[in-house]
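In: sequence plus the predicted model coming up.
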Amino acid sequence: MARIRGIILFIQFSITVAITVVLMYIFKNHTHKVIKVWMNFQMFVLGIKLQTQGKLDESCDMILMNHQSLLDIIVMEYIHSRDLAWVAKKEITDLFFFGHIIKAPRMISIDRENKAGIINLLKEAKDRLDKGRPIAMFPEGTRSDGKSMLGFRPGAKILANRYNLRVQPIVLFNTRNIVDSKKVLATPGIVKVVYLEPIQADKNTDWFEKTEEKMNEVFNKECTNYVS
């Protein structure tokens, strides 16, 4: 059943992504509204219920999240009211047509294989921050298997320190069990969202390392409840 739902989901997802991209180019000044409608629709179709712990602080300049599934983005866009600027791998941006889901709303694309990638990240992030858009990043850099978190890459630390950002770490549970794009599986379920206390980035402290430790601590404490 999960496989059938997965196939239906990804057919639906492909169609609605195409429609969303077209609408974002038509309504260039309202891309965030278009995205919100699309994300709300996805949450409804997937039959997702949310369980939250802690409080979301939308005044923060950056959110850091663990990454297990494309559902992570859907959930956070559904929850957060501001126009988030997601940092995505260049490989996604380069996808034929579907890369426009990054380009149309002016998300941030980085080339991790290029030494100039961090320079481009800093430049693009400054532009989005000046426009009042918080930066959303997955410090692991790629999706984990949902059983443990991967080590954090330094990009988020460099960016937050450079612009003295106020950062909120967020830990998600069960997103991979609900939507597993690699195995093409989908099933309704509960996503738990744990908001950790915001922290002020400061290059003279070990805030990033402490944040990684805390997120791992929270994840490891509860992950066994969600490992299939």
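Out: It's in. Just so it is clear, the structure is predicted and the values come from calculations on it, not from any experiment.

In: contacting residues around the lengthiest helix in the chain?
Out: Counting by DSSP state H, the longest helix found in the chain is helix 2-26. For helix 2-26, contacts defined as C-beta atoms under 8 Å, 6 or more residues apart in numbering pick out 31, 34-35, 38, 41-42, 45-46, 97-98, 100-101, 104-105, 179-181, 183-187. For the C-beta atoms, the positions are set from N, CA and C on the backbone; glycine is no exception.

In: which of the residues you listed fall within helices?
Out: 31, 34-35, 38, 41-42, 45-46, 100-101.

In: CSV please, covering these and showing neighbour count.
Out: Shown next, in CSV, are the ones in helices among the contacts of helix 2-26 (neighbours: other C-beta atoms under 10 Å):
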residue, neighbour count
31, 20
34, 21
35, 20
38, 22
41, 15
42, 22
45, 16
46, 22
100, 18
101, 22
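
In: list the contacts of the residue nearest to the spatial centre of the chain.
Out: For the chain, residue 73 is the residue whose C-alpha lies nearest the centre (C-alpha atoms, centre = their mean; 4.0 Å). Residues in contact with residue 73 (C-beta under 8 Å, 6+ apart) are residue 86.

In: can you classify it as helix, strand or coil?
Out: helix (DSSP: H, G, I helix; E, B strand; the rest coil).

In: tell me the pLDDT of it.
Out: With respect to pLDDT, residue 73 has a value of 96.

In: so it versus residue 46, what's the distance?
Out: 13 Å (C-beta to C-beta, to the nearest Å).

In: for residue 171, same thing?
Out: Counting by C-beta to C-beta - residue 171 and residue 46 are separated by 20 Å.

In: please apply the same query to residue 194.
Out: Residue 194 is 20 Å from residue 46, by C-beta to C-beta.

In: then residue 35?
Out: Residue 35 is 16 Å from residue 46, where distance means C-beta to C-beta.

In: what's the closest non-adjacent residue to residue 192?
Out: Ranked by C-beta to C-beta, 6 or more residues apart in numbering and with sequence neighbours excluded, the top spatial neighbour of residue 192 is residue 173, at 4.1 Å.

In: report the separation between the one you found and residue 201.
Out: Look at residue 173 and residue 201: by C-beta to C-beta, they are 25 Å apart.

In: same deal with residue 215?
Out: To residue 201, residue 215 is 15 Å away according to C-beta to C-beta.

In: with residue 219 instead?
Out: Distance, residue 219 to residue 201, using C-beta to C-beta: 21 Å.
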